[in-house]
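Asker: here are the coordinates; sequence isn't available:
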């Protein structure tokens, strides 16, 4: 979009689910030999509405004046506005289909949507690679959040996608194209349930980052070996999807979960471990994992049967099923109206 500055902009940006290679997108790991992510953007979104008022010179975020807030509040908003030299006459409201802190990459999703809106307000069209790297620069470098690069890239690009991350941080993005019936079968049998728990991904990832950053630590080799295995398993998971090997995907999902739990003591907790073993025995679940960094959020389970009994059992545990499809577009500007003169 290059039709001139806009006064009101609405963007829509997808949340994501990691299918393979989770954790290998952190710099503490990929700088030693590269990372690999296979992920899926969901048709669940964060909507950002940005407005340049005519007379009101305040900066307002979700109804509250930014200057009146605690200086530590809204760090992503503050960083994005500084980068785009927005100091006044700005109002922002955001709406999320799913709450943050649930393992679906919501912070980066919000930031990518906000940056997309700021570019549109200035009359620019921002491509997905530029949006993703700008979000990484702010969130990982400027704000020093101990997270990886997949969330920003998946929010910007969407789709069923692989990310190959070089040791220097360069990301090669490629779509994964499947036969429609094969893709539908994977989605039908891959259930996602909400556990009701929320957490900060950076906190959960801190143990992994600390271990990887200190080669002399007692856990460094264990964490690196687990991530090496998870990266290689990510390629095997991709191959299973491309071959239409549903049961292979389910078994590798279990394999992934067992290795992922070795990364940090915060990734799982006894209730989920017990529930997971129970549904494997009672409902034929082949594999599963907590989505995202772990510690809460959504539980992914692969069930080769019709899944009716599993869904009922999870409902009894207070864990509703999330119905989803794949988002194909990534972050989009849905509307932009011309800027009124000040």
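Answerer: Alright, I've got the coordinates. This is a predicted model, so every value here is computed, not measured.
Asker: Go ahead and confirm residue 84 touches residue 117.
Answerer: No: with contact defined as Cβ atoms under 8 Å, residue 84 does not reach residue 117; the gap is 9.8 Å. Yep, even glycine has a C-beta here, placed from its N, CA and C like the rest.
Asker: Neighbour count: these two, which is higher?
Answerer: Legend: neighbour count by other Cβ atoms under 10 Å for residue 84 and residue 117, higher for residue 117 (28 against 17).
Asker: what's near enough to touch the more buried one?
Answerer: 9, 10, 11, 48, 50, 333 (Cβ atoms under 8 Å, 6 or more residues apart in numbering).
Asker: which secondary element of this structure has the worst mean pLDDT?
Answerer: helix 201-213 (a mean of 68; mean pLDDT, DSSP states H and E).
Asker: And for the residue nearest to the spatial centre of the chain, nearest residue in space, chain neighbours not counted?
Answerer: Centroid check for the chain by Cα atoms, centre = their mean gives residue 105 as the closest residue, at 2.6 Å. Once flanking residues are discounted, residue 105 sits nearest to residue 151: 3.5 Å by Cβ to Cβ, 6 or more residues apart in numbering.
Asker: pretty sure residue 253 is touching residue 285, no?
Answerer: No: if you go by Cβ under 8 Å, residue 253 and residue 285 don't touch, sitting 9.3 Å apart.
Asker: Any idea how far apart the tips of stretch 94-111 sit?
Answerer: Taking Cα to Cα, to the nearest Å, the first and last residues of stretch 94-111 lie 11 Å apart.
Asker: swap in stretch 314-321?
Answerer: End-to-end distance for stretch 314-321: 8 Å, by Cα to Cα.
Asker: And the contacts of that stretch?
Answerer: 191, 192, 193, 194, 195, 196, 275, 279, 299, 311.
Asker: where are the low-confidence patches of the stretch 1-150 of the chain?
Answerer: 1-4 (pLDDT under 70).
Asker: Heading C-terminal from the lengthiest strand in the chain, find the next helix or strand.
Answerer: For the chain, the longest strand by residue count, based on DSSP state E, is strand 35-51. Downstream of strand 35-51, the next assigned helix or strand under DSSP states H and E is strand 59-61.
Asker: strand partners of that next one, parallel vs antiparallel please.
Answerer: strand 64-65 (antiparallel), strand 90-96 (parallel) (DSSP bridges).
Asker: Please consider this matter closed, and thank you.
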